[in-house]
Structure formats: C-alpha cells, structure tokens
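**Student:** Sequence first, predicted model second:
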Amino acid sequence: MKSKVLLINPPTLRDLAVTYDNYFPLGLLSLATVLKDNGIDSRMLDVNNYYYMKEYNQDILDKYIEDRLYSYVEEYNPDIIGIGCLFTGAFKSLKVIASRLKSRFPKIPIVIGGIHPTIFARDILKKYNCIDYVVIGEGESSFLELVKSLVGGDNPSEETDGLAFRHKQEIKLNPKRKFINKLDQLPFVDYSMLDDIEEYHNMDTSDWYSPKNLRIAQPFPIVTSRSCPHRCPFCSMWLVHGPKIRYRSPDNVLAELEYLYKEYGVNYFRFMDDNLTFDRQRILDICRGIVKRNMNIQFDTPNGVAVNGLDKEVVEAMAKAGMTRVSIAIESGSEYIRNKIMRKNLSREKIYEVAGICAEYEHLFITGYFIIGMPQETRETLTQTYEMIKSLPLDNAAVNFVTPYPGTELFTYCIKQGLLPYRAEDYVDIEYLHYASKQPHFEPFELKSEDLINFKEMCRDYFLAKRKRLGLRAKFPLRYKKEVASL
Ligand code: B12
Ligand code: SF4
C-alpha cells in the first residue's frame with residue numbers, strides 16, 4: 001500500500017498593525033520533499049498563507065476547516081497528518097486544527113513539530129490527546145523514521161531520535177541528538193507539492209524596492225545553513241537546529257538558486273539563515289558564484305546579519321551579487337546591554353565601520369535591528385541606543401521589544417526575577433508571545449512599559465521626519481540619489 005502524508009502549516013496570530021510578506025514554509029516543504037524522495041506520497045496545505053493579510057480569528061479558521069480542510073482530508077485520505085509550529089504564535093491554531101481533525105478522523109495519527117512543540121513536547125502530550133506524536137528539533141530523519149514505522153504497522157521505536165510519544169500511559173521522550181551534518185544531502189525543496197500555490201502569486205510586489213528595475217514576481221526564501229554558534233540569551237532557535245552551525249556548500253546553494261532562477265523565473269531571494277556570513281569564505285564563494293553564473297537577481301537578508309560577519313570585501317561581494325537590502329543586527333547602542341547582558345561581543349567601532357561600508361553603496365537599503373527592554377534596560381541605555389541610531393547611516397531602525405521565549409536564558413531569568421505574569425509551565429498555552437507586539441512583554445527593573453513604547457515611537461518618528469524632509473518614499477535608502485550606480 002502506498003502511504004500518504006498530509007502536512008499542514010497553521011495560521012499564526014497576527015496583530016493587524018504588523019503584516020508579513022507571505023513566505024513559503026521551508027521546514028514543512030523540506031519534510032514533504034524528503035518523504036516524496038523516499039517513495040511516500042505527501043501533500044502540503046499552507047493555511048497560514050491562506051490567511052495572509054487577512055485577519056486571523058477563530059470564525060475564519062472554523063470556516064476554513066468546514067469548507068476546505070475536511071473535504072481535502074476526505075479526498076486525499078492520508079495515513080498520517082503532520083502539523084507544523086514554526087512560531088509559538090502558531091500553537092493556538094495548531095490546537096484547533098488538531099482537535100477538529102482528530103474528532104472527525106480519529107484513526108489518523110497526528111504528528112506535530114517545530115519550535116514550540118520541541119520545547120513543550122511532554123506537556124503537550126500530557127494535555128492534548130488529539131496529538132499523538134511530537135517530533136523534537138530538526139525533523140527530516142526522525143519524521144521519515146516515524147512515518148515508515150507507522151505505515152508499516154509498528155509502534156515507534158524507543159530508538160527514534162528526537163521523538164516524544166505515549167506508551168502504556170507513559171510519555172516517552174527521546175531527545176534530539178543526531179543532526180544532519182552535511183546539509184547538501186537534503187534534496188532541493190519541491191515546490192510542486194504545495195497546494196494553493198496560486199495564493200502566493202497573489203502577493204503584490206509591484207511597489208517593492210527594486211534598484212535594478214527588475215519586475216519582482218514571487219520572492220523565494222532560501223536557507224543555506226542551519227543554526228548559529230552563538231547563544232544570545234533571548235534566542236531559542238538552536239533548541240530546534242542544534243548546537244552547531246551546519247552548512248550547505250556554495251555549489252549546492254548556487255545550484256538551487258540557478259534552478260529557481262531558470263525554472264521558476266525567480267529573481268528575488270530572501271536569505272533566511274540564522275548566521276549567513278559566519279563562514280566568510282562560504283558567503284564570498286556564494287556571491288561570486290552568482291555573478292559568475294550571470295544571475296541577474298536581487299536579494300535581501302530579513303533575518304538579520306551579524307555585524308561581526310561583515311567587512312569591506314564581504315559587503316562588496318554581496319552588493320555585487322544583488323543584495324539590495326541589508327539588515328544588520330546591532331541590538332543595542334549601550335555597550336553594557338549589548339556586550340555584558342546580550343553577550344554580543346560586538347564593539348562600537350565595528351558597528352560604525354560596517355554601517356559606513358554598507359553606506360558606500362547608494363542603492364543598499366540599510367536597516368538596523370535593535371532589541372529594547374532587557375530587564376537591565378534603563379533610561380540611560382535607551383538614550384545611548386537612540387544616539388547610535390541617529391549617528392549611524394541607517395535607512396531605518398527596526399526596534400522591537402524583547403520577547404522572553406520559553407527555553408531561553410532570558411525566559412528563565414525573567415521567571416526567577418518575577419517579571420512575568422505566569423508560571424513557567426503555563427507558557428505552553430500562553431498566546432501573547434506571538435510576535436513583537438505593540439506592548440512590551442514585561443517591564444524592565446527600572447522602566448515602565450510606557451517608556452519602551454514611547455522610545456519605539458520616537459525612533460519611528462525620527463526616520464519618518466528625516467524621510468519627509470528629503471522627500472523620499474519609504475522604500476528608498478536615505479542616500480539614494482536619482483540613479484543607482486551600476487550594480
Ligand atoms: C523564516 C523565518 C520567519 C519567516 C516565516 C516564514 C515561513 N512562513 O516559513 C518570517 C519572516 C515571516 C518570520 C517571522 C517571525 N519570526 Co521567524 N523565523 C524564521 C527562521 C529564520 C527560519 C525558519 C525556517 O525556514 N527554518 C528552516 C527549516 C528547515 O526549519 P524549521 O522551520 O524549524 O523546520 C524544521 C523543524 O522545526 C521540524 N518541523 C517543523 N515543523 C514540523 C512539523 C512536523 C509534522 C514535523 C514532524 C517536524 C517539523 O522539521 C523541520 C525540518 O527540519 C526561524 C529561525 C530558524 N532557524 O528556524 C525564525 C524563527 C522561527 N522566528 C522567530 C520569531 C520570533 C519570529 C517573529 C515572532 C519575529 C517578530 N519579532 O515579529 C515573527 C512571527 C511571525 C508571525 N507570523 O507571527 C523565532 C521563533 C521563536 C518562537 N518560540 O516562536 C525563530 C526560531 C527565530 C529565533 N532566532 O528565535 N520568521
Ligand atoms: S546571533 Fe542571532 S541566531 Fe545566533 S544566537 Fe544570537 S540571535 Fe540567535
């Protein structure tokens with residue numbers, strides 16, 4: 001019997017003030033591709049994309065489940081359903097989808113994975129009977145193994161790496177230990193498996209910043225490495241992707257870029273790596289390879305690039321290869337917050353040097369990423385951040401309130417200090433941690449929420465005023481003159 005697996009990307013709660021471009025869900029697509037390569041039929045439904053730019057609410061989700069999901073499952077008749085949870089904020093809708101599907105199709109095992117299930121695997125299995133298995137961490141090999149044993153009629157093995165499941169009233173949890181070291185062994189994501197792909201093409205990119213004057217059709221995200229060797233106290237990514245940074249080779253990355261460029265006509269890429277430039281030679285080879293292969297593309301780095309991973313040669317290679325927007329992770333203008341509290345090991349001199357290098361490229365839109373509201377933040381440290389923002393040649397500053405995600409050092413610290421309103425174990429179901437909201441998630445020792453909100457607004461107003469003075473549209477760099485130097 002040919003086995004069939006349906007993967008679902010649930011919608012994420014969103015504040016209507018914050019909109020995100022619709023991105024292909026690479027994690028779920030990677031799982032589906034690996035299954036397909038192993039002879040297992042799989043399909044994927046991106047409910048998040050269906051909700052793109054639409055208000056999330058329970059009624060709309062219920063309607064989607066009634067109108068589309070039930071009939072889809074009946075028709076496809078999968079042996080296993082997998083649901084992803086890329087963000088903590090997706091867990092609420094994951095629960096709704098899992099429980100409805102379980103009531104309607106009680107025999108189909110439901111497997112979940114992603115960051116929130118990875119952190120709360122045990123609590124989730126204890127609380128939610130509609131969920132049968134939790135895959136912990138990087139999922140390709142564990143999920144394949146689980147699917148094979150389920151369709152073969154076996155119980156999941158005690159040996160399966162990175163899996164939590166129920167066994168005779170008990171919850172068994174095998175921690176994730178084996179990560180894929182050579183990422184080149186993974187197949188390129190197969191986009192043909194995505195149902196409702198036409199929803200993506202509805203995305204309007206006509207007003208996107210395009211200094212090469214290319215018509216941006218559908219931007220494609222790409223991940224060329226997994227994890228990051230640093231341990232910033234607010235970052236939880238490594239709980240899924242492991243302690244070591246792992247790479248795809250430049251040739252492998254270039255082959256995929258070229259494939260998407262030629263086969264899908266993609267000319268806008270979004271590098272989503274956690275630490276894209278950590279291996280200097282690798283990023284140089286990727287960028288020089290793009291030029292050598294004559295790919296006329298543009299790309300950006302929405303996940304932020306570590307400032308320490310940039311220098312004159314690297315920025316030049318990236319700009320020549322088509323980088324049009326760079327986001328640099330500065331985090332704080334205060335030496336104390338940045339280096340003592342956040343442990344960034346990032347000097348003030350390096351920040352100014354790198355921002356200055358980026359600013360030599362008139363076409364390059366430079367965003368500084370800042371995080372405010374660490375427990376130790378004070379008026380003085382905020383002022384230092386503001387002074388830095390004003391004195392750097394930035395085109396925008398993305399200032400976000402720090403979020404104490406479960407599993408992070410910051411979370412443990414905040415719980416210990418009594419800064420959070422709930423107990424640690426309650427966070428499996430806490431809904432407000434879904435994104436950088438308009439409200440800080442907690443108050444620093446010496447500040448009120450109002451102080452942080454006002455600060456954020458002040459930074460936004462600073463750039464708005466500057467832009468207005470120069471008569472420049474929002475998407476253009478402040479240094480942008482009439483023509484862009486040939487790229
Ligand atoms: C791309 C990305 C985005 C994209 C999302 C695109 C999309 N639809 O896929 C955008 C830009 C929209 C985004 C936004 C945000 N993001 Co983001 N994002 C990422 C990033 C950089 C890469 C994700 C990715 O593609 N990874 C590569 C794939 C291969 O890995 P994966 O998705 O984890 O999937 C694997 C496993 O998790 C597992 N798995 C996943 N699902 C399933 C399902 C099943 C059934 C199984 C078996 C296994 C499994 O197997 C997969 C393959 O190995 C991650 C960091 C990271 N490295 O993962 C942060 C990350 C997920 N984001 C994060 C955050 C905080 C945010 C924001 C809240 C930021 C903000 N302040 O606004 C917003 C939230 C958006 C929202 N809608 O509310 C945090 C999540 C923390 C948390 N606990 O929620 C992360 C971990 C970054 C970090 N450093 O902490 N993000
Ligand atoms: S440098 Fe970025 S990806 Fe690495 S640990 Fe810090 S926040 Fe996470």
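**Tutor:** Done, it's in. Ligands and ions are numbered 1, 2, ... in the order given.

**Student:** hey, where'd the strands end up in the stretch 101-250 of the chain?
**Tutor:** 110-114, 133-135, 163-167, 170-174, 220-222, 225-226, 246-247 (DSSP state E, counting those that start in this stretch).

**Student:** which one of these lies closest to ligand 2?
**Tutor:** strand 225-226 (10.6 Å; CB to the nearest ligand atom). Where C-beta positions appear, they are placed from N, C-alpha and C, glycine not excepted.

**Student:** So in that sheet, which strands flank the closest one, and in what orientation?
**Tutor:** Strand 225-226 has its sheet partners listed here by DSSP bridges as strand 246-247 (antiparallel).

**Student:** Which SSE is immediately downstream of the strand it pairs with?
**Tutor:** Next helix or strand after strand 246-247 toward the C-terminus (DSSP states H and E): helix 250-263.

**Student:** and for that next one, what are the contacting residues?
**Tutor:** 183-184, 188, 220, 222, 224, 266-267, 269, 282, 285-286, 289-290, 293, 295, 297 (CB atoms under 8 Å, 6 or more residues apart in numbering).

**Student:** What subset of the residues you listed is buried?
**Tutor:** 183, 220, 222, 224, 266-267, 269, 282, 285-286, 289-290, 295, 297 (16 or more other CB atoms under 10 Å).

**Student:** Which single one of those is nearest to ligand 2?
**Tutor:** Nearest member of those to ligand 2, counting by CB to the nearest ligand atom, is Thr224, at 13.9 Å.

**Student:** Next one, pLDDT for the closest one please.
**Tutor:** pLDDT for Thr224: 98.

**Student:** In TSV: the strands of the stretch 101-250 of the chain, plus distance to ligand 2.
**Tutor:** Converted to TSV, the strands of the stretch 101-250 of the chain look like this (distance: least, CB to the nearest ligand atom, whole Å):
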stretch	distance to ligand 2
strand 110-114	17
strand 133-135	22
strand 163-167	24
strand 170-174	24
strand 220-222	16
strand 225-226	11
strand 246-247	13
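
**Student:** for those strands, which one sits closest to ligand 1?
**Tutor:** Among the strands of the stretch 101-250 of the chain, strand 110-114 sits nearest to ligand 1 (CB to the nearest ligand atom), with 2.2 Å.

**Student:** what pairs with that closest one, and is each one parallel or antiparallel?
**Tutor:** Here, using DSSP bridges, strand 110-114 pairs with strand 80-85 (parallel), strand 133-135 (parallel).

**Student:** Could you confirm whether the longest one reaches ligand 1?
**Tutor:** This means strand 80-85. Yes: shown here: strand 80-85 in contact with ligand 1 (CB under 6 Å from any ligand atom) through Gly82, Ile83, Gly84.

**Student:** what number of residues lie near the second one?
**Tutor:** Think Ile83. 27 (other CB atoms under 10 Å).

**Student:** who's it bridged to?
**Tutor:** Ile8, Ile112.

**Student:** Pull up the gap between it and ligand 2, please.
**Tutor:** For Ile83, the distance to ligand 2 (CB to the nearest ligand atom, to the nearest Å) stands at 25 Å.

**Student:** pretty sure that residue is in contact with Ile110, am I right?
**Tutor:** Yes: under the criterion of CB atoms under 8 Å, Ile83 makes contact with Ile110 at 6.7 Å.

**Student:** Common neighbours of those two, please.
**Tutor:** Ala98.

**Student:** Can you show me the CA trace of the helix ranked longest in the chain as CSV?
**Tutor:** Taking DSSP state H as the criterion, the chain has its longest helix at helix 449-470. Provided in CSV are the C-alpha atoms of helix 449-470 (Å, rounded to 0.1, in the frame of the first residue of the first chain):
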residue,chain,number,x,y,z
SER,A,449,6.1,49.8,29.5
GLU,A,450,5.2,53.3,28.5
ASP,A,451,8.9,54.3,28.4
LEU,A,452,9.6,51.5,25.9
ILE,A,453,6.5,52.2,23.8
ASN,A,454,7.5,55.9,23.7
PHE,A,455,11.0,55.1,22.7
LYS,A,456,9.9,52.9,19.9
GLU,A,457,7.6,55.6,18.6
MET,A,458,10.4,58.2,18.9
CYS,A,459,12.7,56.0,16.7
ARG,A,460,9.9,55.6,14.1
ASP,A,461,9.2,59.3,14.1
TYR,A,462,12.9,60.1,13.7
PHE,A,463,13.0,58.2,10.4
LEU,A,464,9.6,59.4,9.2
ALA,A,465,10.7,63.0,9.7
LYS,A,466,14.0,62.5,8.0
ARG,A,467,12.4,60.9,5.0
LYS,A,468,9.8,63.6,4.8
ARG,A,469,12.5,66.3,4.9
LEU,A,470,14.3,64.6,2.0
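
**Student:** near ligand 1, anything from that helix?
**Tutor:** No: if you take CB under 6 Å from any ligand atom as the test, helix 449-470 misses ligand 1, and the best it gets is 12.5 Å.

**Student:** re earlier: point out the ones among the buried ones among the contacts of helix 250-263 that are inside helices.
**Tutor:** Using DSSP H, these in helices are Arg282, Asp285, Ile286, Gly289, Ile290.

**Student:** between those residues, which is nearest Pro404?
**Tutor:** Arg282 (32.7 Å; CB to CB).

**Student:** Skipping adjacent residues, who's closest to that closest one in space?
**Tutor:** Pro250 (5.8 Å; CB to CB, 6 or more residues apart in numbering).

**Student:** Count the neighbours of that neighbour for me.
**Tutor:** 20.

**Student:** gap between the residue nearest to Glu362 when sequence neighbours are not counted and Ile389?
**Tutor:** Nearest residue to Glu362 in three dimensions, chain neighbours excluded: Arg479, at 5.2 Å (CB to CB, 6+ apart). Going from Arg479 to Ile389 by CB to CB, to the nearest Å gives 16 Å.

**Student:** so where's the stretch 351-487 of the chain uncertain?
**Tutor:** 432-437, 481-487 (pLDDT under 70).

**Student:** so where do the helices sit in it?
**Tutor:** Per DSSP state H, counting those that start in this stretch, the stretch 351-487 of the chain carries helices over the ranges 379-391, 409-416, 449-470.

**Student:** now the longest one, how far from the chain's geometric center?
**Tutor:** Translated: helix 449-470. Remark: helix 449-470 is offset 26 Å from the chain centroid, using CA atoms, centre = their mean, to the nearest Å.

**Student:** Quick check: which helices or strands does that helix pack against?
**Tutor:** strand 365-372, helix 379-391, strand 396-401 (3 or more CB pairs under 8 Å, 6 or more residues apart in numbering; DSSP states H and E).

**Student:** Now do the second one against strand 365-372, angle only.
**Tutor:** This points to helix 379-391. 180 degrees (axes from the mean of the first three to the mean of the last three CA atoms, to 10 degrees).

**Student:** ok, residues contacting helix 379-391?
**Tutor:** 330, 332-337, 348, 351, 368, 370, 372, 397, 446-447, 451-452, 455, 458-459, 462.

**Student:** could you redo the last one with a cut-off of 7 Å?
**Tutor:** 332-334, 336-337, 368, 370, 372, 397, 455, 458-459, 462 (CB atoms under 7 Å, 6 or more residues apart in numbering).

**Student:** Are any of those residues buried, and if so which?
**Tutor:** Of the contacts of helix 379-391, these count as buried by 16+ other CB under 10 Å: Ser332, Gly333, Ser334, Tyr336, Ile337, Gly368, Phe370, Ile372, Ala397, Phe455, Cys459, Tyr462.

**Student:** Take these and lay them out in CSV including distance to Pro117.
**Tutor:** Converted to CSV, the buried ones among the contacts of helix 379-391 look like this (distance: CB to CB, whole Å):
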residue, distance to Pro117
Ser332, 31
Gly333, 36
Ser334, 35
Tyr336, 36
Ile337, 32
Gly368, 33
Phe370, 30
Ile372, 29
Ala397, 33
Phe455, 34
Cys459, 35
Tyr462, 40
